[in-house]
Structures are given as C-alpha cells and as structure tokens.
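**Student:** Predicted model and sequence follow; I will ask about them next.
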Amino acid sequence: MADSIFKRAGDALFKRAAPTETLGTSRASGGVVNGEGAGTFDEPDRLINLVGPRRFDEYDRLVRDVSIIGAGVRLFLNLISNAVWTVNPPENLSEADTATAQGYADQAYAMLYDMTTSWSQVVRKTAAFRLHGFTIQEWTAKQNPDGTIGLLDIEHRPQRTISRWKRDRGGTVESVIQRVPGFADVELPRSKIVYAVDDTLTDSPEGVGLFRHLAVTAARLETFLRLEEIGFTTDLRGIPVARAPLGELRQEVLDAGPPGSDARAQAEARRTSLLAPLRNWLDKHIRNEKSGMLLPSETYVAASVDKSQTVSSVPKWALELLSGDSTSFDSMANAVNRMNQELARILGVEHLLLGADGSGSLALARSKVGTFYLTVTSTLLDLCEIYDRDVLAPLAELNGWPPELCPQMGVNEISDRDIEQVLDALAKLAQAGAPMMPDDPAVGEIYDLLGLTRPPERMDDMDLSLNPGRTDPKAKPDPADPLDQTPEDELAKRRVLRSRKNMAKAMVKRRQEMAKRRAA
C-alpha cells in the first residue's frame, strides 16, 4: 500500500506517465486489430468536413457564426458553472468514522478551490462533453505545506489534439495520445486524466455530441441566409440579366480579317471592351449609392419581305432584373425561422425563441424551461460520478485515505424559481395547518429571491418589539395563558420545525461554501 502511494505521488508531482501496454493501431471501424485494442476512431460520416479532427474546427465555427447556437451553448455552460458544489463524506458510517471522513471531505474541498484554474472553469470545460462528444482534462498534483498531496491544476486538452486512443481487450480506455504541432506526441495515461464521454449513440470513445446533430441544420440555415442576403442586395427582385448584340459583335470580328491579323486582334479587343462593363455588372451587381450604367440607345432594325426596313422598339443594349414573386421572401423568412427553431430544439433552448413571432404562452414557456433545467441537472449528476472516479479517487489514493472513507461530490439542483409560485405554495400550506415560523430557513430563501437582507437566523437575536405577536423562546410558560397549556400547539410547532430541519442544514452548509468561494 505504501509503495503504491509513493509511486503515484511521485508520478503526479513530477508528471511522469505511468507505463502502459503497447496496443495496436486502429481501423476506421474502431474494431480489434490482432486481438489488441484499437487506436484511432474515425467513424464513417457522409459529411466530409465532419470526419476526423477537422470536425472540431467546424463545431467551433458554428458556435461563433450561428447566433442561436452560440446563445444556447453559453446559456447551458454558464448555468453548469454556476452550480454550488459540495464534497460529502460517505453515509451510514460510525460516529468516529464520520468525523474522520468529514475531515477528508473538507481537505478535498479545499484542494478543489486551490488550483491554478478555477473550479467553475474546470466544470464548464468538462460539461462540454455533451456538445463535442467527449472531453479530456489532465490533472497534476502538488505537495501542500501540511504534507498532503493536493491538485496543482486540471488543464483542458482540446479535442482536436487527441490523435489516438489505446484500449484493452475489453474496450476500456487505457491512455490517449495527444498530438501538438511542433512537439513530440504525448501519452496521457487513464489514471491522470478526467475523461467524460457522451456514448449514448455510439461505442466510440469519442462519443457523439449535440454539435453533430446541429451540423446539417446549421448548413441549411446558412444557405437560406445567403440566399436572403442575395435577394436584398439585388433589390429584392430576381436574377440580373444583360442584353447585347453578341451576333453583330462576333460578325464584326470575323469580317475584320483572317485569324492572327492585327485587324482581327483589334476587332476582338473592341468586342471585349464593349462587353466588359456588362460582365462586371453581372459579377458585382450589389446595389449601392453609386450603382448605374450608361448604354447605347440604338435599337434593332427589322427587315420585311419587300426588303423595306422598320425600326424596332427593342434596344440592342439593356440591363434588367428578372422579376421574382414577392411571396418567396416570406417563404424564405419562414424557412430561416424554422431552421432556428430546429437548432434551438436540439440544444434544448427553444424557450429563448418564445414570443419572437408574437405567439406563445406562459405555461408553454415554463414547460420548456423546466425541460432545459432537467437536462442541466442531469449533466451535473453525471459530472458528480466523473469527478468521484477521476478526481476524488486519485486524491484519496495519493493521500492514503481508506477507500471506504473516500468523500463524494455533491451539487445543488439548478432550477428557475418563481417567487410568486413559492409564496402561493407556502400560503396554501399555512391554510392547511402548516404555518411557517419567522425563524424557518425558508424565510431566508424567500428573502434571497426578493433581493432583501436575510433576517437573523437565531430566534433570540430577533427584535421582539418589531414582532409583538412573537414571545421570547427562553421565557417560561405562563400558567394564565391557555395557549401555553395546549400540547397540540407545541406539537404543531415541533412538527413544522422538524420538517425544515434538513433544509436548514443544507442552507447553512451552502452559505459556508459560498463564503469560502468568495474568500478564495
């Protein structure tokens, strides 16, 4: 046990990679090669720009260029990073073991908030596995002044730099190979990385994230927006058309002289110079304040059967736009809105678009917001298991903590609380016979939602002159007061206070954690 602890501590402190078995390289199917684990996992995809590392560049471009994707990603990751985290001891322990485990949990909590990278940033990077399909972060250790082994940092390793995967015969990832331009490949052992993967739809260690589902729809949206821009820049009418006497100009060239002669070359140059303004206008016909064209006013001359000539009303030179149906622009706008709705639906942020078209209801908005917050909470619970396995377990082994006393991660639920709903529910509870006492922990939460200063937590700190209906809890019962002689009232008070006991503990712990975070 001691050898293992010192070995792991040395590897962590000096960043030495643990030795791993050399495995075979992969095929595109991600199968087994010569009975050994596979290396690269480029699953076939019908979109060539989504194969291999280039797909992560495409994902980054979508986040930057498509507004609804950028808004949805920022909302999701900001909510994730705003969660309040705790490190808790295991349950169902003896009193002595509980005290010891609580000490380990307090040490682990302090280590998480004593890294070079902030814990909220680490959480935000890890949660991106829902979007990209997987995330890799490497942790490094340090020795604390008290002799314990803590975390120096948990650094993000970009997905595009992960070139190969090494797995055992059972398919478990043993290490990954990171390729950085200008440097030698680096092998990251599984014991040194925080690895999160969305493997719901695939067995590949790279997973399939939400960005892959967005790619096709985002490409269609960009096509529609490009067509809409062309429509606006061409005066919203249609395709530009230019008319010129091409036959006459060509005949003039042929009549000028034999091929290769100076006269033939001069005629060809004249024809090209006459057509150049029209060709330039067709290529660069975007309308602006300087748009204009000067053309000859001559028309065609029509010859009749009796060889008489009649001047035609059709000009030899002309510029115009083919008229388009004005209703097509409404259809284009509807298509753009439909693509935005589909992208928002995939990301789960459809509520961001409610009311944009003048429709929607409060009930519909609450339903969609609730579904989105369920997705956020589900991701937070997944992160708890990931950090238990890849962060707290290595810390426990480095410091020699018994496995049965190893702490566990905890996180509060992210939800959108409506103060009116909360107050309405509490009023109904009071009408049902469960009134809320002034020192109830729920009072503090309501004050927080309202943005007001919390009242004193202890009843004996309250100014009773501001609440004449409240008696001093330290005062002895008054025999003349029939209320003090009614055991049912005291039983009701104890029942209400007991029902909020767990919440009171949670709120005290949460405030302590927030104070530690502010101090850090």
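**Tutor:** It's in.

**Student:** At which residues are the strands of this structure located?
**Tutor:** With DSSP state E as the criterion, the chain has strands at 85-88, 134-143, 149-157, 162-167, 173-178, 186-189, 193-197, 240-243, 299-303, 309-315, 318-321, 408-411.

**Student:** Out of those, flag the one nearest residue 232.
**Tutor:** Of all the strands of the chain, the one in closest proximity to residue 232, counting by C-beta to C-beta, is strand 318-321 (13.0 Å). Just so you know, the C-beta spots here come from the backbone N, C-alpha and C atoms, and that holds for glycine as well.

**Student:** Let me see the mean pLDDT of that closest one.
**Tutor:** The average pLDDT for strand 318-321 rounds to 80.

**Student:** so what strands line up beside it?
**Tutor:** If you go by DSSP bridges, strand 318-321 pairs up with strand 240-243 (antiparallel).

**Student:** Just the CA trace of the partner strand, in CSV.
**Tutor:** What follows is strand 240-243 as a C-alpha-only set of coordinates in CSV (Å, rounded to 0.1, in the frame of the first residue of the first chain):
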residue,chain,number,x,y,z
PRO,A,240,-29.9,40.2,-63.2
VAL,A,241,-30.0,40.0,-67.0
ALA,A,242,-27.9,42.0,-69.5
ARG,A,243,-28.7,42.2,-73.3
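
**Student:** Can you give me the buried ones in it?
**Tutor:** 240, 242 (16 or more other C-beta atoms under 10 Å).

**Student:** and it, how far out from the chain's middle?
**Tutor:** 47 Å (C-alpha atoms, centre = their mean, to the nearest Å).

**Student:** mean confidence for that strand?
**Tutor:** The pLDDT scores in strand 240-243 average 83.

**Student:** now stretch 129-144
**Tutor:** Stretch 129-144 shows a mean pLDDT of 95.

**Student:** between the strands of the chain, which gets nearest to residue 402?
**Tutor:** The closest of the strands of the chain to residue 402 is strand 408-411. By C-beta to C-beta, the value is 13.9 Å.

**Student:** what bits of this protein have low per-residue confidence?
**Tutor:** 1-44, 233-238, 285-290, 305, 322-328, 356-364, 416-418, 449, 456-520 (pLDDT under 70).

**Student:** repeat that for 80
**Tutor:** Applying pLDDT under 80 to the chain flags the ranges 1-49, 230-240, 281, 283-294, 302-311, 320-330, 354-367, 413-423, 426, 436-520.

**Student:** what sits against the residue nearest to the spatial centre of the chain?
**Tutor:** Centroid-nearest residue in the chain: residue 73, 3.0 Å away (criterion: C-alpha atoms, centre = their mean). Shown in contact with residue 73 (C-beta atoms under 8 Å, 6 or more residues apart in numbering): 63, 131, 347.

**Student:** how deep is the closest residue to residue 59 other than its chain neighbours tucked in, by neighbour count?
**Tutor:** Nearest non-adjacent residue to residue 59, counting by C-beta to C-beta, 6 or more residues apart in numbering: residue 211, 4.2 Å away. Residues lying near residue 211 (other C-beta atoms under 10 Å) number 25.

**Student:** Could you check how far the residue of the chain most remote from its centre is from residue 312?
**Tutor:** For the chain, the residue at maximal distance from the C-alpha centroid (C-alpha atoms, centre = their mean) is residue 306, at 79.4 Å. Using C-beta to C-beta, to the nearest Å, we find residue 306 at a distance of 17 Å from residue 312.

**Student:** before we move on, what about residue 370?
**Tutor:** 72 Å.

**Student:** what's the answer for residue 283, then?
**Tutor:** Residue 283 sits 29 Å away from residue 312, going by C-beta to C-beta.

**Student:** neighbour-wise, which of those two wins?
**Tutor:** A count of neighbours by other C-beta under 10 Å puts residue 312 above the other of residue 283 and residue 312, at 11 against 8.

**Student:** Quick check: the gap between the residue nearest to the more buried one when sequence neighbours are not counted and residue 247.
**Tutor:** Nearest non-adjacent residue to residue 312, counting by C-beta to C-beta, 6+ apart: residue 300, 4.2 Å away. Residue 300 is 11 Å from residue 247, where distance means C-beta to C-beta.

**Student:** quick one: which of those two has more around it?
**Tutor:** Comparing residue 300 with residue 247 by other C-beta under 10 Å, the one with more neighbours is residue 300, at 13 against 8.

**Student:** ok, now which ones touch the more buried one?
**Tutor:** So residue 300 contacts 245, 312, 314, 315, 316 (C-beta under 8 Å, 6+ apart).

**Student:** ok, how many other residues are close to the fourth one?
**Tutor:** Applying other C-beta under 10 Å, we find 14 residues neighbouring residue 315.

**Student:** is it true that it touches residue 245?
**Tutor:** No - the pair residue 315 / residue 245 is not scored as a contact, 9.7 Å apart, by C-beta atoms under 8 Å.

**Student:** mind giving me the domain split of this protein?
**Tutor:** 2-217+364-405, 240-321, 419-519 (automatic domain parsing).

**Student:** Can you check which of these gets nearest to residue 334?
**Tutor:** Closest to residue 334 of the domains of the chain is domain 2-217+364-405 (C-beta to C-beta; 15.0 Å).

**Student:** and the residue nearest to residue 59, what does it touch?
**Tutor:** Going by C-beta under 8 Å, 6+ apart, residue 211 touches 59, 62, 131, 132, 133.

**Student:** mind listing which of the residues you listed are in helices?
**Tutor:** 59, 62, 131, 132 (DSSP state H).

**Student:** Of these, grab the buried ones for PyMOL.
**Tutor:** Under the burial definition 16+ other C-beta under 10 Å, those of the ones in helices among the contacts of residue 211 that qualify are selected in PyMOL by:
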select buried, resi 59+62+131+132
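
**Student:** I'd like a version of the ones in helices among the contacts of residue 211 in CSV, one that adds distance to residue 388 as further columns.
**Tutor:** Listed next are those as CSV, based on distance: C-beta to C-beta, whole Å:
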residue, distance to residue 388
59, 28
62, 32
131, 22
132, 22
